[in-house]
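Q: Need a 3D model of the sequence below.
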Amino acid sequence: MTRNSLNASVQSTNQPEDRSPEPPANGVGSWSELFSGRHAVVVSILAGGVALYAMNLYFTAALLPSIVDDIGGDRYYAWVATGFLMAAVIASMLVSRILGSWGGASAYLTGFLVFAVGAVINAASPTMELLLVGRVIQGFGGGLLAGLGYAVIRTALPQHLWARAAGLMSAMWGVGTLIGPASGGLFAEFGAWRWAYVLLMAVAIVLAGLTRWALPRGGGSTADQAPVPVLSLALLTLAATAFSLSSAVSTGAPTAIALGVGVALIAAFFVAERRGGASVLPKLTYAQGNSLKWIYLTVAALCAGVMTENFIPLFGQELGGLSPLIAGLLGAALSVGWVVAQIFSVSFAPSAARRAIRLAPLLLTGGLIAYGLLQTDGASTPRMIIWAVALFLAGAGIGLAFPHLSVAAMSSTDDPAEGAKAAAALNTTQLISYTVTSAIAGTLIRLGDTTPVDSARLMTIGITVLTALGIVTALMATRGRS
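A: Residues are numbered from 1 along each chain as shown. Sure, this is the predicted structure:
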């Protein structure tokens with residue numbers, strides 16, 4: 001869609017008169033303008049959608065121990081995250097098509113309403129199986145909202161506010177991962193986990209109502225005509241399912257078979273990606289001699305470590321006797337480290353950025369190993385403080401590298417358009433890593449289920465095998481860079 005047609009789409013809608021000030025002479029709008037008049041409503045919708053998605057995974061992680069105590073289904077613990085994430089991956093592949101066909105308002109309205117339906121099912125679930133259905137529906141709606149955040153900026157805001165709005169969208173990821181565990185823990189503290197989902201539903205409904213008034217309507221002739229990578233998505237979904245089943249079947253041969261099938265399907269996914277006409281990741285990923293594959297593998301390794309956050313509240317309650325609220329705050333320690341380190345790392349010079357990428361998986365792996373080895377029954381307060389420090393350092397490793405991995409992806413080609421696609425696919429890589437690692441984590445917990453300590457250690461140390469692979473891929477990703 002051209003800029004003229006985008007502007008025409010905006011102007012043709014029946015919206016309140018926009019009395020925003022004239023664009024500044026330097027072409028860059030101010031924060032006060034972004035949060036004034038109709039713009040304030042628009043950015044509330046865009047930022048709210050991203051925040052709902054970002055916080056929801058960790059929000060549920062803090063609630064899960066209480067949910068399992070109430071309705072059972074502990075063997076499906078990891079499936080709650082895996083189903084949500086896999087649905088989000090599929091939704092992310094459809095964002096451009098839905099936006100082009102339906103327009104910004106209808107696309108956002110769909111995302112919010114689907115998310116709300118999933119929240120209602122979660123709130124009313126009498127069994128874990130039904131809760132899983134709700135989480136899949138929530139994941140699809142959340143995946144749409146997260147993908148729409150940046151895409152709708154162009155059609156809903158004047159050009160001189162794009163940079164400010166994009167910065168706000170990015171900040172929402174940090175806000176979501178920090179608020180999610182704490183707010184989920186607060187609801188769990190009062191035994192009100194169902195009301196937590198009622199609140200999410202209410203927020204989604206409010207934002208859906210604002211959407212009809214504030215966002216541009218129209219569309220239908222500019223849908224993305226690129227084919228959907230059906231085979232790759234099917235193989236990825238089947239792989240996640242196989243890994244998830246490995247935590248539900250009997251231990252021994254059935255577990256080994258499920259894991260083996262999962263690995264084989266992941267291998268088939270990469271073959272289909274390389275040879276197929278449509279792919280989840282940019283074709284540049286599979287070009288011989290290009291560093292993009294190593295960049296994505298490094299991102300995947302770092303994101304594998306993030307998935308420990310889904311289980312930290314559980315272990316904090318079982319091993320440390322923490323209240324749900326404090327256990328939720330402990331679960332946020334890794335995200336705090338991520339956000340704090342990222343604030344400082346964005347100003348690194350290129351040479352320091354290369355060293356940060358190489359250091360990141362080492363710091364992440366070391367922090368997780370320390371956390372895993374320090375797990376014990378009846379943990380004392382000083383020991384749990386050390387847990388939090390270890391998790392903070394692990395998260396700091398992620399934050400050091402993440403901004404520079406995006407730059408490295410964009411620098412993997414001289415073609416600006418391909419570079420933009422390469423950077424955008426970092427989010428897809430994150431979702432894939434989260435999905436697969438979450439499923440594997442459930443199996444590791446099941447294998448160590450003789451005691452909570454064994455489960456905590458095996459899950460954490462097992463994930464460090466994946467993060468340690470990033471030590472090698474980070475060296476390959478930065479090889480030859482100045």
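Q: alpha carbons only for contacts and neighbour counts from here, please
A: Fine.
Q: Let me see the contact set for Ala88.
A: If you count contacts by Cα atoms under 8 Å, 6 or more residues apart in numbering, Ala88 has them with 139-144, 431.
Q: Swap in 10 Å and give it another go.
A: Contact analysis of Ala88 by Cα atoms under 10 Å, 6 or more residues apart in numbering lists 53, 82, 94, 136-147, 428, 431-432, 435.
Q: what's the closest non-adjacent residue to it?
A: Ranked by Cα to Cα, 6 or more residues apart in numbering and with sequence neighbours excluded, the top spatial neighbour of Ala88 is Gly143, at 4.0 Å.
Q: Report all helices and strands that the helix or strand where the one you found lies contacts.
A: The secondary structure element spanning Gly143 is helix 128-151 (assigned by DSSP states H and E). Applying 3 or more Cα pairs under 10 Å, 6 or more residues apart in numbering; DSSP states H and E, we find helix 128-151 packed against helix 37-71, helix 77-102, helix 104-124, helix 162-189, helix 416-447.
Q: how close does the closest residue to Ser183 other than its chain neighbours get to Tyr197?
A: Computed as Cα to Cα, 6+ apart, the closest residue to Ser183 that is not its neighbour in sequence is Phe59, at 6.7 Å. Using Cα to Cα, to the nearest Å, Phe59 is found at 10 Å from Tyr197.
Q: Give me the more crowded residue out of the two.
A: The residue with more neighbours, out of Phe59 and Tyr197 and counting by other Cα atoms under 10 Å, is Phe59; that gives 28 against 24.
Q: rewinding a little: from what I see, the residue nearest to Ala88 and Tyr108 are in contact.
A: No - with contact defined as Cα atoms under 10 Å, Gly143 does not count as touching Tyr108 (11.1 Å).
Q: could you point out where the stretch 101-250 of the chain is predicted with low confidence?
A: Within the stretch 101-250 of the chain, the stretches with pLDDT under 70 are 150, 154-155, 163, 166-167, 170, 174, 216-226.
Q: run the last query once more with 50
A: Low-confidence segments of the stretch 101-250 of the chain (pLDDT under 50): 220-221.
Q: Might one say that Ser412 is in contact with Pro282?
A: No - counting by Cα under 10 Å, Pro282 is not a contact partner of Ser412; they are 11.4 Å apart.
Q: Spit out the residues that contact those two alike.
A: By Cα under 10 Å, 6+ apart, the residues touching both Ser412 and Pro282 are 292-293, 418-419, 422-423.
Q: Turn these into JSON lines, including neighbour count.
A: Supplementary listing: those in JSON lines, determined by neighbours: other Cα atoms under 10 Å:
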{"residue": "Leu292", "neighbour count": "27"}
{"residue": "Lys293", "neighbour count": "22"}
{"residue": "Glu418", "neighbour count": "18"}
{"residue": "Gly419", "neighbour count": "21"}
{"residue": "Ala422", "neighbour count": "27"}
{"residue": "Ala423", "neighbour count": "21"}
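Q: so which of those comes closest to Ala151?
A: Checking those against Ala151 by Cα to Cα gives Ala423 as the nearest, at 14.1 Å.
Q: For the closest one, give me its contacts.
A: Counting by Cα under 10 Å, 6+ apart, Ala423 touches 282, 292, 296, 405-412.
Q: These, buried ones only, as a ChimeraX selection?
A: The ChimeraX selection below is limited to those of the contacts of Ala423 classed as buried (16 or more other Cα atoms under 10 Å):
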select :282,292,296,405,406,408,409,410,411,412
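Q: What's the local residue count around Val68?
A: Val68: 16 surrounding residues under other Cα under 10 Å.
Q: ok, for it, nearest residue in space, not its chain neighbours?
A: Asp74 (5.8 Å).
Q: check contacts around that neighbour.
A: 64-65, 67-68, 128, 248, 442, 446.
Q: Can you say which helix or strand has Val336 in it?
A: Following DSSP H and E, one finds Val336 within helix 333-345.
Q: how about that helix: buried residues?
A: Neighbour counts over helix 333-345 (16+ other Cα under 10 Å) mark 333-342, 345 as buried.
Q: In JSON lines: these, plus distance to Trp173 and pLDDT.
A: Below are the buried residues of helix 333-345 laid out as JSON lines (distance: Cα to Cα, whole Å; pLDDT from 0 to 100):
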{"residue": "Ala333", "distance to Trp173": "15", "pLDDT": "90"}
{"residue": "Leu334", "distance to Trp173": "14", "pLDDT": "89"}
{"residue": "Ser335", "distance to Trp173": "10", "pLDDT": "83"}
{"residue": "Val336", "distance to Trp173": "12", "pLDDT": "86"}
{"residue": "Gly337", "distance to Trp173": "14", "pLDDT": "90"}
{"residue": "Trp338", "distance to Trp173": "11", "pLDDT": "85"}
{"residue": "Val339", "distance to Trp173": "9", "pLDDT": "81"}
{"residue": "Val340", "distance to Trp173": "13", "pLDDT": "86"}
{"residue": "Ala341", "distance to Trp173": "15", "pLDDT": "87"}
{"residue": "Gln342", "distance to Trp173": "12", "pLDDT": "81"}
{"residue": "Ser345", "distance to Trp173": "17", "pLDDT": "84"}
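Q: Can you pick out the most distant pair from these?
A: Checked with Cα to Cα, those reach their widest spread between Ala333 and Ser345, with 18.3 Å between them.
Q: Return every residue with contacts to both of Gly143 and Tyr108.
A: With Cα under 10 Å, 6+ apart applied, the overlap between the contact sets of Gly143 and Tyr108 consists of Gly49.
Q: that older thread, and the least confident of the contacts of Asp74?
A: Going through those one by one, the lowest pLDDT turns up at Ala248, 77.
Q: Pretty sure Phe344 sits against Leu400.
A: Yes - distance between Phe344 and Leu400: 7.9 Å, which falls inside the contact criterion (Cα under 10 Å).
Q: what stretches of the stretch 251-400 of the chain score poorly on pLDDT?
A: Applying pLDDT under 50 to the stretch 251-400 of the chain flags no residue at all.
Q: Strands of that one, residue ranges please.
A: Listed in chain order, the stretch 251-400 of the chain contains no strands at all (DSSP state E, counting those that start in this stretch).
Q: residue ranges for the helices of it, please.
A: 253-275, 292-306, 312-320, 324-331, 333-345, 350-373, 381-410 (DSSP state H, counting those that start in this stretch).
Q: ok and the second one relative to helix 381-410, angle-wise?
A: In this structure, helix 292-306 runs at an angle of 160 degrees to helix 381-410, with axes from the mean of the first three to the mean of the last three Cα atoms, to 10 degrees as the basis.
Q: What angle do helix 350-373 and helix 292-306 make with each other?
A: Using the same axes, to 10 degrees: helix 292-306 against helix 350-373 is 40 degrees.
Q: relative to helix 333-345, how tilted is helix 292-306?
A: What separates the directions of helix 292-306 and helix 333-345 is an angle of 140 degrees, with the same axes, to 10 degrees.
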